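Asker: Let's see this in three dimensions:
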Amino acid sequence: MRVALVHDWLTGMRGGEKCLEVFCELFPLADLYTLVYAPEKVSATIRHMKVKTSFISQLPSAKRAYRYYLPLFPAAIERFELAAYDLVLSSSHCVAKGILPHRALHIAYVHAPMRYVWDQYDSYFGAKSGWISRTGMGLCRGYLQQWDVRSANRVDYFIANSKNVAAKIKNLYGRDAAVIYPPVDVERFNLHPDVQTYYLIVSALVPYKRVDIAIEAFNRLRLPLKIVGDGPLRTRLRKTAEPNIEFLGWVNDQDLAGLYARCQALVFPGEEDFGIVPLEAQASGRPVIAYGRGGALETVVSLEAENASSATGMFFSEPNAESLVAAVELFQRIREGFESANIRRHACKFSRERFKTQISDYIAAHIREHKSEAKAC
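Answerer: I've put the predicted structure just below:
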């Protein structure tokens, strides 16, 4: 079979790219289509693929400011020519699932419906955004929503990265989706006896991640907080942070594993559709303090549901600094009750090998079904 992989953009190694890595391992001879490609920012596995980019990559500052070209993304993804392929496997949180598959079987692994025009619209284009982007998206939002719903008909089978996303797919597109949780490379993370005093955030610095809530909270708490990650909000966030908050930028895998293993807890202040970061922290035996919405409800065993020895973290209920401050203060009092070995054991249920096996089996079963239907016709 000739296989095409499609991914929105390749400008870093976050959760979606960790899934794509597995797709590349399953189909190493596939062609990989993406809107924008920064090879220096992705893994060797992805760099070894034959990557084909869209006209977006030729526009000014595309690698850095590609999000400003969002209204052009549907046209760019539709220009890819896939008539020669038998299988299209898209990895989508924006427009990748809207590829035109022609005669190919199209399976879409969806990290989220296009969050920029649906549930995260206000985070990206609300009152705090620039006047130009706010006005421009106000004009384009309806078109992008219509395109997103219409292009769902180009998908033969949906896979969602969580029950949370499966519900959104059903609500927006009227389609059912299988649920296969993303991979966590648990072997990269280990327990460490030397737990230090700092708390940790690992996040792209973009609006919906709500790192601003954590900065406001830790400004009040005066506890050490390390922030791993980068993004368009970095300068603005640094201006609001007190000296107890340290910005580290993106770090290599080895350093990140060490930061996870030695932190008091991971702070996860935004609502994610799934969120691999909390599971990486748990694979390191460290508890998670998360906003109690979205994918975190499927990956963190809360203190409210279990006693401390069985719990892997705790939730705060409101998306504001006051609620997070209260949760951290409670954690400070009961933190000795969390058991690192139990936390890691929970994370191992989401292993990379489990994901690879489930995806491979799902694709194989639907290829057989597709061939049987073609013969019947």
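Asker: Please count neighbours and contacts with C-alpha atoms only from this point.
Answerer: Noted.
Asker: For residue 15, see how far away residue 257 is.
Answerer: Counting by Cα to Cα, to the nearest Å, the gap from residue 257 to residue 15 is 16 Å.
Asker: go on, residue 167?
Answerer: For residue 167, the distance to residue 15 (Cα to Cα) stands at 20 Å.
Asker: go on, residue 254?
Answerer: Taking Cα to Cα, one finds residue 254 at 17 Å from residue 15.
Asker: So which of those two has more stuff around it?
Answerer: The residue with more neighbours, out of residue 254 and residue 15, is residue 15; 16 against 10, by other Cα atoms under 10 Å.
Asker: Isn't that one up against residue 273?
Answerer: No. Look at residue 15 against residue 273 with Cα atoms under 8 Å: they stay out of range, at 10.8 Å.
Asker: What is the one helix or strand in the chain whose mean pLDDT sits lowest packed up against?
Answerer: Every helix and strand of the chain was ranked by mean pLDDT, DSSP states H and E. The lowest is helix 121-125, at a mean of 72. Packing contacts for helix 121-125, counted by 3 or more Cα pairs under 8 Å, 6 or more residues apart in numbering; DSSP states H and E, involve helix 131-151.
Asker: Give the burial count for the nearest residue to residue 11 once chain neighbours are set aside, as a bare number.
Answerer: Computed as Cα to Cα, 6 or more residues apart in numbering, the closest residue to residue 11 that is not its neighbour in sequence is residue 38, at 5.1 Å. Neighbour count for residue 38, taken as other Cα under 10 Å: 15.
Asker: Against residue 248, how distant is residue 38?
Answerer: From residue 38 to residue 248 the distance is 21 Å (Cα to Cα).
Asker: per the record, what domains does this protein have?
Answerer: 3-183+351-376, 186-350 (automatic domain parsing).
Asker: residue ranges of the helices in the stretch 201-350 of the chain, please?
Answerer: Residue ranges of the helices in the stretch 201-350 of the chain, as given by DSSP state H, counting those that start in this stretch, are 211-221, 234-240, 253-262, 277-283, 296-299, 321-334, 340-347.
Asker: now these as CSV including distance to residue 188?
Answerer: Shown next, in CSV, are the helices of the stretch 201-350 of the chain (distance: least, Cα to Cα, whole Å):
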stretch, distance to residue 188
helix 211-221, 25
helix 234-240, 27
helix 253-262, 7
helix 277-283, 9
helix 296-299, 18
helix 321-334, 26
helix 340-347, 12
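Asker: do you know which of those helices lies nearest residue 51?
Answerer: Nearest to residue 51, of all these, is helix 253-262, at 23.7 Å by Cα to Cα.
Asker: Could you list every helix and strand that the closest one packs against?
Answerer: Under the contact definition 3+ Cα pairs under 8 Å, 6+ apart, helix 253-262 sits against helix 277-283.
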